[in-house]
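Undergrad: Predicted structure and sequence below. I'll ask about it afterward.
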Amino acid sequence: MITDRQQEIIEASVALINEGGIQALTIKNIAGRIGVSEPAIYRHFKSKSDILATLLDLLKKNSKKIYDNRLEEDGSALEKLSRIFRSHFMTFAKMPSLSSVVFSEELFRNDQLLTVKVSEVIELNNKILCALIKEGQQQGHIRDDIDHQHIVIMLMGSLRLFVKKWQFAEFGFDLEKEGLLFAESVIKLISK
């Protein structure tokens, strides 16, 4: 469980990365953003890496919650998949700056802890989506002439690219609305 101050630090960090990239994420900038001294930040986190690791843990927890909630609902694998896409689009629409962190490989490349954390999030997504695609293939709703793992890569990649497109458009279109139309198209491609 994170404290209110830790949440404030994480939110400030995400906003700084969104505005100026990883270069803008400094303890000095975080402290200035929330109006505290630099040593005050260190009372809550050991380092920038610790802040980002906590953020990735929160993202993993949020992803798991999205999957658990959507998978518990009734419906076919395709309906569940559509709801999962929608939930992810809603999450990014509510917190646009989150996309700057989630899809910024340069943040994680040179830090082993962060690389492990990102890998955990990717593996969680992969594992759950693989099971869902296999279920859909067994139900006869999803194409079985394409390996389920390849379908998952296409799904994860297309979601990422669509959110990046929105980010590069400076969040200039309705991600939820356009995202649902996009998800319908993707689902048509994999449907039997």
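TA: Arrived safely, thanks for sending.
Undergrad: list the helices and strands the helix or strand bottoming out on mean pLDDT in the chain packs on?
TA: Taking mean pLDDT, DSSP states H and E as the measure, the chain has helix 98-102 as its least confident helix or strand, at a mean of 76. Packed against helix 98-102 by the contact rule (3 or more CB pairs under 8 Å, 6 or more residues apart in numbering; DSSP states H and E) you find helix 4-20, helix 48-72, helix 77-94, helix 148-168. For the C-beta atoms, the positions are set from N, CA and C on the backbone; glycine is no exception.
Undergrad: Turn these into TSV, columns for distance to residue 174 and mean neighbour count.
TA: Formatted as TSV, the helices and strands packed on helix 98-102 follow (distance: least, CB to CB, whole Å; neighbours: other CB atoms under 10 Å):
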stretch	distance to residue 174	mean neighbour count
helix 4-20	19	18
helix 48-72	20	17
helix 77-94	8	19
helix 148-168	9	16
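Undergrad: rewinding a little: in the least confident helix or strand of the chain, what's buried?
TA: Buried residues in helix 98-102, counted by 16 or more other CB atoms under 10 Å: 98-102.
Undergrad: And stretch 136-144, by the same measure?
TA: For stretch 136-144, using 16+ other CB under 10 Å, the buried residues are 136-137, 141-142.
Undergrad: Low-confidence stretches in this structure?
TA: Within the chain, the segments meeting pLDDT under 70 span 105-107.
Undergrad: Excluding chain neighbours, what is closest to residue 82?
TA: Nearest-residue entry for residue 82: residue 183, 5.6 Å, with adjacent residues in sequence omitted and distances by CB to CB, 6 or more residues apart in numbering.
Undergrad: list the contacts for that neighbour?
TA: Neighbouring residues of residue 183 by CB atoms under 8 Å, 6 or more residues apart in numbering: 81-82, 85-86, 89.
Undergrad: For residue 7, state which of those residues is nearest.
TA: Within these, proximity to residue 7 (CB to CB) peaks at residue 89, which comes in at 22.9 Å.
Undergrad: was I right about that closest one contacting residue 175?
TA: Yes. The criterion here is CB atoms under 8 Å, and residue 89 meets it with residue 175 at 5.2 Å.
Undergrad: Quick check: neighbours shared by these two?
TA: The overlap between the contact sets of residue 89 and residue 175 (CB under 8 Å, 6+ apart) consists of residue 163.
Undergrad: What are the buried residues along the longest helix seen in the chain?
TA: Looking across the chain with DSSP state H, the single longest helix is helix 112-139. Within helix 112-139, the residues scored as buried using 16+ other CB under 10 Å are 114, 117-118, 121, 124-126, 128-129, 132-137.
Undergrad: Just give me how far that helix sits from the chain centre.
TA: Taking CA atoms, centre = their mean, to the nearest Å, one finds helix 112-139 lying 12 Å from the centre of the chain it belongs to.
Undergrad: Show me what it is packed against.
TA: Helix 112-139 sits against helix 48-72, helix 77-94, helix 148-168, with contacts defined as 3+ CB pairs under 8 Å, 6+ apart.
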